[in-house]
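> my questions are about this predicted structure, shown below with the sequence.
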Protein chains: 2
Amino acid sequence: MVYKTSEVPADIEIPEEISGLRMTRQRQEVYRTLMQERNHPTANDVFMRVKDRLPNISLATVYNCLEALVQHGIIRQVNFERESSRYCPNLSEHGHFHDETTGVIHDIDFKPGVHLADLLNLPPGAVIEDVEITLRGKLLTA
Amino acid sequence: MVYKTSEVPADIEIPEEISGLRMTRQRQEVYRTLMQERNHPTANDVFMRVKDRLPNISLATVYNCLEALVQHGIIRQVNFERESSRYCPNLSEHGHFHDETTGVIHDIDFKPGVHLADLLNLPPGAVIEDVEITLRGKLLTA
DNA sequence: CCAATATCAAGAATTATTCCAATTATTATT
DNA sequence: AATAATAATTGGAATAATTCTTGATATTGG
């Protein structure tokens, strides 16, 4: 779901603490931004956005917050080639399609019932902790 | 296939030109290294390895060569999180499993008949140019 | 309330990679 | 074969994203 900025719900409910992570004001605002801007922003994008509400926040803190949220499984970090990391609060198993012409990143779901691990010849004993599926291409808007 | 260094065939056949790319001595040696060291080396790994045969080669040239080979579809560039890029001469559609404990990267094939694009809900009109599947985890060697 | 701990801010440091300018090598042209 | 045009290589400087460091602030537990 994507909101126009003007329609963003003023306050998304954010708990005091998530899975053992202290939700400081900075972490809350970083998380809120990701929930509102569903377009896979970079750390710097988040930084600029969060400054509206916390003018004194530093970029280093945004990086710290993002890392803390990633470590605690609250958001996901998404990488394309060697570009800046992007962040995404969609925790369901999904991939990303990077449209080269517009730069837009689309979340890609599996068709119902598909589970990636079933389709791969994994080495015996492999325990998967994280999967990243990234597609690059063009979107023909004929 | 992985050779011990002492057993590496002295000269893998490398054509003068591949799909329009002039195969200079530097590109040949970079490519040869990738064919011999099937362990997904970084640019710097390749650089150190190639220096045995071309002591004057520069790291910039290794980067140039790798880029040229990637651009011409002769090798693939593989990225894990934000680590240095790695390079791989296996052109078949496959993914990579990064064993966190050993650091080893394993090529992962699809089970026969599986085609990733068929299993995803791609946006209409999407033309895929590249797919990257990376898995991170541990290999239990019980 | 006080001590211990965690977080934050600002700027410096790091590191992979790219860029740049000068040289060298290769190919095409006469 | 000589020369001109083009492409590749080098080495070092520049870049950019991210991490580190240090001192200040805030929070929690006792």
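All right, it came through fine.
> pLDDT below threshold where in chain A?
Where chain A drops to pLDDT under 70, the residues are A:1-17, A:142.
> write out the residues of it neighbouring chain B.
Residues of chain A lying near chain B by CB under 8 Å from any CB of the partner chain: A:77, A:79, A:81-82, A:85, A:95, A:97, A:99-100, A:106, A:108-111, A:114, A:116, A:118-123, A:125-142. C-betas here are computed from N, CA, C, even on glycine.
> show me the residues you listed that map onto helices.
A:Leu116, A:Asp118, A:Leu119 (DSSP state H).
> can you flag the buried ones in these?
A:Leu116, A:Leu119 (16 or more other CB atoms under 10 Å in any protein chain shown).
> and which of the ones in helices among the residues of chain A next to chain B is nearest to DNA strand D?
DNA strand D lies nearest to A:Leu116 out of these, by CB to the nearest atom of the strand, at 24.6 Å.
> OK, contacts around that closest one?
A:Glu93, A:Phe110, A:Val131, A:Ile133, B:Ile133 (CB atoms under 8 Å, 6 or more residues apart in numbering or on different chains).
> now render those residues as TSV, adding distance to DNA strand C.
Listed next are the contacts of A:Leu116 as TSV, based on distance: CB to the nearest atom of the strand, whole Å:
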residue	distance to DNA strand C
A:Glu93	27
A:Phe110	29
A:Val131	21
A:Ile133	20
B:Ile133	19
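> what's the ChimeraX syntax to select whichever of those are buried?
Buried subset of those, written as a ChimeraX selection, criterion 16+ other CB under 10 Å:
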select /A:110,131,133 /B:133
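> you'd agree A:Arg27 is in a helix?
Yes - under DSSP: H, G, I helix; E, B strand; the rest coil, A:Arg27 sits within a helix.
> which residue is the nearest non-sequential neighbour of it?
Once flanking residues are discounted, A:Arg27 sits nearest to A:Cys65: 4.7 Å by CB to CB, 6 or more residues apart in numbering or on different chains.
> which of the three states applies to that neighbour?
Classified using three-state DSSP, A:Cys65 is helix.
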